[in-house]
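Novice: Sequence and predicted model, in that order:
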Amino acid sequence: MLVSYGVDGAVARLTLDSPLNRNALSTALVQQLHQGLAAVTADPNVRCVVLGHTGGTFCAGADLGEAAGRDPSELALDRAQEMTKLLRAILELPVPVIGAVDGHARAGGLGLIGACDIVVAGPSSTFALTEARIGVAPSIISLTLLPKISARAAGRYFVTGEKFGPAEAERIGLITVAADAVDATVATLAAEIAKGSPQGLASSKALTTAALRAGFDAHAEARTAQSARLFVSEEAREGMMAFLEKRPPRWVTGSDPNTD
């Protein structure tokens, strides 16, 4: 299993459990997340979901090594649609989702964070939007990130790809709380949420996500198409190969991947 699921009282825990792959968003992992979210919806006793992780990485974003044996265009579109559906499923879940992060989050991992209602990040957390460095863009995850983080922060971190820590993530609105003790802080928040009624929680969450969901639905198709298009471009192929081969891409070394 790449995602573990368990319930303790009123709290369900969905844990990304593929540390050897840095919890990358493979098709199988995304499918198992959907299964966990469906289990939450079917359980009337659940009042809160904690989305956590094992290992030192919360989520590394897309699984760039998954392309073998498939048509690139078909794979890119399928993966883009998978990500869009996953983020929408988190937003429309009738119970609040707390992200529990104490590790690295990159690219699509930040999209998951943006979809959570509350996010607690520990001192080991680092964040980066690295898409531009491999020739793509944070297209789909912009649907959950742009409504949450400041415009100045988006203008910086979308293009620089630089790392930042939990204090900066809290300052710009990416996370809710930068905490020294993630588990204790999450437990306190979950206990407070568990005091709510199913109707009260669902209706209250719907109020806080209404504008985000409206923007999401208005732009999801275009962002999904953009993501799929970028992922099959020459620059993206070069960027992903450079990443997998652990070398600088040709636009950094001075060779144009569009003309070689």
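Specialist: Yes, it's here. Numbers count the residues shown, from 1 in each chain.

Novice: tell me which element the most centrally placed residue in the chain is part of?
Specialist: Against the mean C-alpha coordinate of the chain, by Cα atoms, centre = their mean, the closest residue is residue 112 at 2.4 Å. Using DSSP states H and E, residue 112 sits in helix 108-115.

Novice: That helix packs against which elements?
Specialist: Packing contacts for helix 108-115, counted by 3 or more Cβ pairs under 8 Å, 6 or more residues apart in numbering; DSSP states H and E, involve strand 57-59, helix 72-92, strand 97-101, helix 142-145. Any C-beta I mention is one placed from the backbone N, CA and C, and that applies to glycine too.

Novice: neighbouring contacts of that helix?
Specialist: With Cβ atoms under 8 Å, 6 or more residues apart in numbering as the test, helix 108-115 has contacts from 23, 25, 51, 57-62, 83, 86-87, 90-91, 97, 99, 101, 105, 119, 127, 129, 138, 140-141, 143-145, 147-149, 174-175.

Novice: Next: stretch 6-16.
Specialist: 2-5, 23, 29, 33, 36-37, 39-40, 43, 45-54, 58-59, 95, 190, 194.

Novice: of those residues, buried ones?
Specialist: Taking 16 or more other Cβ atoms under 10 Å as the criterion, what is buried in the contacts of stretch 6-16 is 2-3, 5, 23, 29, 33, 36-37, 39-40, 46-53, 58-59, 95, 190, 194.

Novice: what about the stretch 151-260 of the chain, any weak spots by pLDDT?
Specialist: 255-260 (pLDDT under 70).

Novice: the helices in it, which residues?
Specialist: 151-160, 166-172, 182-193, 198-231, 234-244, 250-253 (DSSP state H, counting those that start in this stretch).

Novice: List just the one of these that sits closest to residue 74.
Specialist: helix 198-231 (9.4 Å; Cβ to Cβ).

Novice: Could you list the buried residues of the closest one?
Specialist: In helix 198-231, counting by 16+ other Cβ under 10 Å, buried: 201, 205, 209, 212-213, 216, 219-220, 223-224, 226-231.

Novice: Check those and tell me the two furthest apart.
Specialist: So, the buried residues of helix 198-231 by Cβ to Cβ: farthest apart are 201 and 229, at 38.4 Å.
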